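Trainee: Below is the structure, and that's it, no one-letter string:
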C-alpha cells in the first residue's frame with residue numbers, strides 16, 4: 001500500500017481503500033491502494049455518513065475476483081472496497097435522518113460517504129446503550145442473522161439432535177453453535193487449533209470442538225458425533241465436508257452459507273479424487289436436504305425480519321445466553337491486513353475495523 005497522511009492531516013479529507021489488483025490466490029497488501037479526496041456534500045434528500053466501524057467478512061474475497069459470486073457484482077479495479085459499516089450521520093438534508101444518529105450502512109472502506117437513506121437501518125431505537133454499536137456488524141447484524149436464518153429457519157434443529165459447524169469460533173459459526181445449544185441441540189464445532197477449540201467449549205459453550213489440523217481429524221469427529229450428524233451448517237467445504245458426509249443421518253439438513261476453504265483457489269493439499277459422486281450419493285441415499293441461501297434475501301421489507309431478529313438477539317446477549325466476541329482492528333489503513341488475517345484464520349469472533357470513535 002502507498003504511504004498516506006496521518007489521521008490529523010486528513011481531518012478534512014476522505015480516505016478510501018480501493019482494489020488495485022485482482023488477487024492470485026490469497027490477497028496481498030499490494031492488491032489494495034489508499035486514495036484521498038474531498039469529503040462529499042449531501043444533496044437534497046441525502047445524508048453524509050462518517051464511518052465509525054467497518055465489517056470485514058470472507059465474502060469480500062469473492063468480490064475481488066473478475067466474476068462476482070452472482071448475488072453481488074465484483075468490485076471494479078480502482079473502486080472502493082465494499083463492506084457493511086456502523087456510521088454516524090454528520091450532515092443531513094433528509095427529512096427522517098438527524099445529524100448525530102447512528103445507522104447500519106454499506107459505506108465500504110472509506111471515512112465518509114453519501115446515502116439517500118434507502119439502505120440505512122437506524123440503530124438509535126431499540127439498541128441497548130450498554131452494548132457496543134459495532135455489535136450491529138456481528139452478533140446483532142449480518143453474521144448473527146446468517147446463523148439464525150440458516151440454522152433456525154432452514155435447518156430447524158430439534159432438541160437432542162447433533163449440529164456440526166466449522167469455523168466454530170468465527171463470526172457466523174460462533175453464533176450457530178450458541179443458537180443450537182439455546183434450542184436444545186448438541187453443538188459440535190470444528191476449528192483450526194487447540195486454542196480455538198478450547199474457546200469454543202469453555203467460552204461459547206459448545207459440547208465439543210475438534211481441531212481440523214489433527215492428523216486423525218475424521219476419526220475424532222466421528223467419536224464426537226457417535227449418534228451421527230443431523231444438521232451440518234456448511235461454511236467451509238474442503239476436508240471438513242469430506243469428513244462430515246459419511247456421518248450424516250438420514251434426513252439430515254445442510255444449509256450452505258459459504259465455502260471459505262476454496263475462496264483463494266485450489267486448497268493446499270487438496271485431493272485430486274472427484275468427491276462429487278460421494279456427495280450426490282449421500283444426498284440421495286440419506287435423503288439429505290442441501291440448501292444454499294443468501295442472507296440478503298431474508299432481511300424483509302425495510303429490514304423488518306432483521307429488526308425482529310435483533311430484538312431477540314439483544315435479549316439473549318444481555319441475559320448472558322449468547323457471547324458476542326469481537327476482534328478489533330485499529331484504523332482504516334489496517335483493513336487490508338485485517339482481511340488477509342481473517343481469511344488466514346487468525347482471528348476469534350467477528351472482525352471489525354475501528355475507523356473513528358463512536
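Mentor: Sure thing, it's come through. Because the structure is predicted, anything quoted here is derived from the model rather than measured.

Trainee: Tell me how far the residue lying closest to residue 74 once chain neighbours are set aside lies from residue 230.
Mentor: Spatial nearest neighbour of residue 74, excluding adjacent residues (C-beta to C-beta, 6 or more residues apart in numbering): residue 68 at 3.9 Å. (Glycine included, C-beta is placed from N, CA and C.) Residue 68 sits 33 Å away from residue 230, going by C-beta to C-beta, to the nearest Å.

Trainee: what do you get for residue 295?
Mentor: Taking C-beta to C-beta, one finds residue 295 at 22 Å from residue 230.

Trainee: Then residue 82?
Mentor: 35 Å.

Trainee: Of the two, give the one with the bigger neighbour count.
Mentor: residue 230 (22 against 18; other C-beta atoms under 10 Å).

Trainee: what's around residue 347, how many residues?
Mentor: Neighbours around residue 347, by other C-beta under 10 Å: 21.

Trainee: What residues does the residue lying closest to it once chain neighbours are set aside make contact with?
Mentor: Once flanking residues are discounted, residue 347 sits nearest to residue 327: 4.1 Å by C-beta to C-beta, 6+ apart. Residue 327 sits next to 347, 348, 349, 350, 351, 352 when contact means C-beta atoms under 8 Å, 6 or more residues apart in numbering.

Trainee: Please apply the same query to residue 18.
Mentor: 32, 33, 34, 35, 78, 79, 80, 81, 109 are the contacts of residue 18 under C-beta under 8 Å, 6+ apart.

Trainee: Neighbour count, distance to residue 141 and pLDDT added to the residues you listed, as a markdown table?
Mentor: Listed next are the contacts of residue 18 as a markdown table, based on neighbours: other C-beta atoms under 10 Å; distance: C-beta to C-beta, whole Å; pLDDT from 0 to 100:
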| residue | neighbour count | distance to residue 141 | pLDDT |
| --- | --- | --- | --- |
| 32 | 24 | 24 | 98 |
| 33 | 18 | 28 | 98 |
| 34 | 21 | 26 | 98 |
| 35 | 16 | 27 | 98 |
| 78 | 10 | 28 | 98 |
| 79 | 12 | 23 | 98 |
| 80 | 18 | 20 | 98 |
| 81 | 22 | 18 | 98 |
| 109 | 28 | 17 | 98 |
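
Trainee: Which secondary structure state does the nearest residue to residue 317 once chain neighbours are set aside sit in?
Mentor: Distances taken as C-beta to C-beta, 6+ apart place residue 324 nearest to residue 317, at 5.4 Å, with adjacent residues excluded. What DSSP: H, G, I helix; E, B strand; the rest coil gives for residue 324 is coil.

Trainee: Make sure residue 339 is actually in contact with residue 27.
Mentor: Yes. The criterion here is C-beta atoms under 8 Å, and residue 339 meets it with residue 27 at 6.5 Å.

Trainee: do you know how far the closest residue to residue 102 other than its chain neighbours is from residue 21?
Mentor: Distances taken as C-beta to C-beta, 6+ apart place residue 123 nearest to residue 102, at 4.4 Å, with adjacent residues excluded. With distances taken as C-beta to C-beta, residue 123 is found 35 Å from residue 21.

Trainee: which of the two has more neighbours?
Mentor: residue 123 (21 against 13).

Trainee: Who are the contact partners of the more buried one?
Mentor: So residue 123 contacts 86, 101, 102, 103, 104, 133, 136 (C-beta under 8 Å, 6+ apart).

Trainee: can you rerun that using 10 Å?
Mentor: By C-beta atoms under 10 Å, 6 or more residues apart in numbering, residue 123 lies in contact with 86-88, 101-105, 133, 135-136, 140-141, 310.

Trainee: Pull up the per-residue confidence for residue 268.
Mentor: Note on residue 268: pLDDT of 42.

Trainee: what's the helix or strand for the residue nearest to residue 347?
Mentor: strand 326-330 (DSSP states H and E).

Trainee: Show me what counts as buried in the longest helix belonging to the chain.
Mentor: When the chain is scanned for its longest helix (criterion: DSSP state H), the result is helix 304-318. Residues of helix 304-318 classed as buried by neighbour count (16 or more other C-beta atoms under 10 Å): 305, 306, 309, 310, 313, 314, 316, 317.

Trainee: ok, and what's touching that helix?
Mentor: Against helix 304-318 from outside (C-beta under 10 Å, 6+ apart): 104, 121, 123, 125-128, 130-131, 135-136, 139-142, 144-145, 147-149, 152-153, 175, 178-179, 182, 295, 298-300, 303, 321-324.

Trainee: Out of these, name the ones that lie in strands.
Mentor: 104, 121 (DSSP state E).

Trainee: where does the closest residue to residue 65 other than its chain neighbours land in three-state SS?
Mentor: Nearest residue to residue 65, sequence neighbours excluded (C-beta to C-beta, 6+ apart): residue 74, at 6.0 Å. Look at residue 74: counting by three-state DSSP, its state is coil.

Trainee: Next, count neighbours for residue 74.
Mentor: Residues contacting residue 74 under the criterion other C-beta under 10 Å number 17.

Trainee: Residue 293 versus that one, what's the distance?
Mentor: Applying C-beta to C-beta to residue 74 and residue 293 gives a distance of 21 Å.

Trainee: Show me the shaky parts of the stretch 151-300 of the chain.
Mentor: 260-274, 276 (pLDDT under 70).

Trainee: All the strands of it, in order from the start?
Mentor: 162-166, 186-191, 208-211, 229-233, 248-256, 289-292 (DSSP state E, counting those that start in this stretch).

Trainee: Need these in CSV (columns: distance to residue 97).
Mentor: Below are those laid out as CSV (distance: least, C-beta to C-beta, whole Å):
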stretch, distance to residue 97
strand 162-166, 37
strand 186-191, 40
strand 208-211, 43
strand 229-233, 36
strand 248-256, 35
strand 289-292, 35
